[in-house]
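[1] Any chance you could fold what I've pasted below:
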Amino acid sequence: MSDPLYPAPSKDLAAARKKLAPEIHDAFHAFSKRVFSDGALPATTKQLIAVAVAHVTQCPFCIRGHTRGAIGQGVTREELMEAIWVAAKMRAGAAYAHSLLAIDETDKTLSGEGK
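    This is a model prediction of the structure:
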């Protein structure tokens with residue numbers, strides 16, 4: 001089942017994007033190449049971070065691209081799944097932590113302070 005919200009990636013769409021802003025496109029790709037190269041963190045770790053963040057941001061293109069990148073760096077299926085579980089915990093943890101805002105607002109509203 002395809003989702004009409006997200007067009008299928010294609011060479012034509014990629015070429016159109018580059019044509020609309022070629023210098024920015026090239027700078028973005030150079031930045032990406034540098035970010036995902038070995039540095040203080042190895043490239044494998046960076047790809048695992050990207051897979052986890054892509055799951056939190058729920059970007060399907062990023063999930064697929066960085067999963068391919070991680071596999072290309074030799075990351076295992078088990079490592080990928082652990083990174084995804086970390087992302088799930090962080091997202092759930094954020095909802096849990098932010099529940100205090102709803103409780104606080106409820107208390108203020110019910111006591112008349114929140115008006």
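[2] in what helix or strand does the spatially most central residue of the chain lie?
    Closest to where the C-alpha atoms of the chain average out (C-alpha atoms, centre = their mean) is residue 54, at 2.0 Å. In this assignment (DSSP states H and E), residue 54 forms part of helix 43-57.
[3] That helix packs against which elements?
    Applying 3 or more C-beta pairs under 8 Å, 6 or more residues apart in numbering; DSSP states H and E, one finds that helix 43-57 contacts helix 60-72, helix 77-111. C-betas here are computed from N, CA, C, even on glycine.
[4] what ranges of the protein fall below the confidence cut-off?
    Residues of the chain meeting the criterion pLDDT under 70: 1-3, 115.
[5] If we use 50, what do you get?
    1 (pLDDT under 50).
[6] returning to what we had before: could you tell me how far the helix holding residue 54 lies from the centre of the chain?
    7 Å (C-alpha atoms, centre = their mean, to the nearest Å).
[7] Tell me what angle that helix forms with helix 60-72.
    Between helix 43-57 and helix 60-72, the angle comes out at 160 degrees (axes from the mean of the first three to the mean of the last three C-alpha atoms, to 10 degrees).
[8] So for residue 39, which of the helices and strands packed on helix 43-57 sits nearest?
    For those, the distance to residue 39 is smallest for helix 60-72, at 15.3 Å, taking C-beta to C-beta.
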